[in-house]
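Colleague: Return atomic coordinates for the entry below.
(one chain, ligands or ions: 1)
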Amino acid sequence: MSKTIRRSVLIGTGSALPPRAVSNAQLAETVDTSDEWIVERTGIRNRHIAAAGETTATLATQAARAALAAAGLEGKDIGLIVLATATPDQTFPASATIVQDAIGANGGIAFDVAAVCSGFLYAMGVADSMLRTGMAERALVIGSETFSRILDWEDRTTCVLFGDGAGAVVLEAREVAEDGPGVLATKLHADGAHNQLLFVDGGPSTTGTVGKLRMKGQEVFRHAVTNLASVLASTLKEAGYTPADVDWVVPHQANRRILDATARKLGLAPEKVIVTVDSHANTSAASVPLALDVAVRDGRIVPGQLIVLEAMGGGFTWGATVLRT
Ligand code: UT7
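Modeller: Below you'll find the model as predicted:
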């Protein structure tokens, strides 16, 4: 009999965007910027902005319901919810517990993970470990953000870059063949020496306020390409593959130029990179699962493919996951 292995298998994806779309031209009416500058420097054309009453938890719940429907499951089937966010509804309780109650998964494990734009990768790493060690059988892993609430809308160097949204996946622990589906390798990193390059200037234990996002964009850009190329290569190697084996890269959507430069550095064909930054902008922890859901629903990602997820963000934090669908 061939050997089997317990793996976390992706069995459903979902996403949610606030209905209100804001174009670059609309932003240029209130901020000293232009569609031309934003498109040339970032590739962003549009972002979605949450309305009053739309929150990180409501978007997360919508994405979670879509992922559950895609998996043919209900809330009661979920034993673990890991929600990645830097913009929770409240300081506590964890927004994951709000989602848990909304979908009827009460009684299982639910908590938030804070790793900013790399949050979904960190959440996947934690959920995968917990599923493989038997702490739960099925997990919802969610990235959800309302960055519009922590932007300085008078700072053109940051406010044009971000948007709101949520993405979710359902993972199920299964005994599979070694060449079968599931998460194959994950690598996560952080380097706190770069805390001051991308941060929020407030918090419950310091200012007692929520604060606003601050970023030294050029320096973040430089580190992003180096760190992402390195973690992509090392995670693929750990899984036993090379960039040539990859069917799709689903990257964090911060800047089109970062996606292109990272792909070039690894010798990856640009047409293998899923790009949604043009229509969603940077949705932090939501961007990877949002892009994943787009590519699953439009039929590009199908069963049996080798997929790489990657992200880099404040901290700095960065990471990658290699999985077979
Ligand atoms: O998700 C976490 C990870 N985050 C990232 O990966 C973001 C990484 N960084 C970036 O994507 C880019 O650095 C930015 C898009 C933020 C900026 O692009 P850049 O090519 O590095 O531009 P820059 O900061 O060097 O600014 C160039 C010029 C400046 O004017 P001067 O000093 O040359 O006269 C800025 O003041 O562009 C100006 N500028 C703008 N002009 C019009 C900055 N923001 C804007 C704007 N509209 N929104």
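Colleague: surely Ala115 meets Ala84?
Modeller: Yes: using Cβ atoms under 8 Å, Ala115 makes contact with Ala84 at a distance of 6.6 Å. Every C-beta, even on glycine, is put in place using the N, C-alpha and C of the backbone.
Colleague: ok, now which ones touch Leu323?
Modeller: Neighbour list for Leu323: Leu10, Pro181, Gly182, Val183, Leu184, Leu306, Ile307, Leu309 [criterion: Cβ atoms under 8 Å, 6 or more residues apart in numbering].
Colleague: Which residues are in contact with each of Ala115 and Ala84?
Modeller: With contacts defined as Cβ under 8 Å, 6+ apart, the residues shared by Ala115 and Ala84 are Tyr122, Ala123, Ala285.
Colleague: ranges for the helices of the chain?
Modeller: Under the criterion DSSP state H, the chain contains helices at 24-27, 35-42, 56-71, 95-103, 119-132, 156-159, 217-239, 256-266, 277-280, 287-297.
Colleague: Spatially nearest residue to the residue in the stretch 201-325 of the chain that the ligand sits nearest to, not counting backbone neighbours?
Modeller: Closest approach between the stretch 201-325 of the chain and the ligand, counting by Cβ to the nearest ligand atom: Gly217, at 2.7 Å. Spatial nearest neighbour of Gly217, excluding adjacent residues (Cβ to Cβ, 6 or more residues apart in numbering): Thr157 at 6.2 Å.
Colleague: circling back to that earlier point, would JSON lines of the helices of the chain with mean neighbour count and distance to Gly202 be doable?
Modeller: Output for the helices of the chain, formatted as JSON lines (neighbours: other Cβ atoms under 10 Å; distance: least, Cβ to Cβ, whole Å):
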{"stretch": "helix 24-27", "mean neighbour count": "17", "distance to Gly202": "24"}
{"stretch": "helix 35-42", "mean neighbour count": "16", "distance to Gly202": "25"}
{"stretch": "helix 56-71", "mean neighbour count": "25", "distance to Gly202": "17"}
{"stretch": "helix 95-103", "mean neighbour count": "23", "distance to Gly202": "18"}
{"stretch": "helix 119-132", "mean neighbour count": "25", "distance to Gly202": "19"}
{"stretch": "helix 156-159", "mean neighbour count": "18", "distance to Gly202": "15"}
{"stretch": "helix 217-239", "mean neighbour count": "18", "distance to Gly202": "19"}
{"stretch": "helix 256-266", "mean neighbour count": "19", "distance to Gly202": "27"}
{"stretch": "helix 277-280", "mean neighbour count": "22", "distance to Gly202": "25"}
{"stretch": "helix 287-297", "mean neighbour count": "25", "distance to Gly202": "23"}
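Colleague: So for Gly192, which of these sits nearest?
Modeller: Among the helices of the chain, helix 217-239 comes nearest to Gly192, with 13.1 Å by Cβ to Cβ.
Colleague: between the closest one and helix 119-132, how many degrees?
Modeller: 20 degrees (axes from the mean of the first three to the mean of the last three Cα atoms, to 10 degrees).
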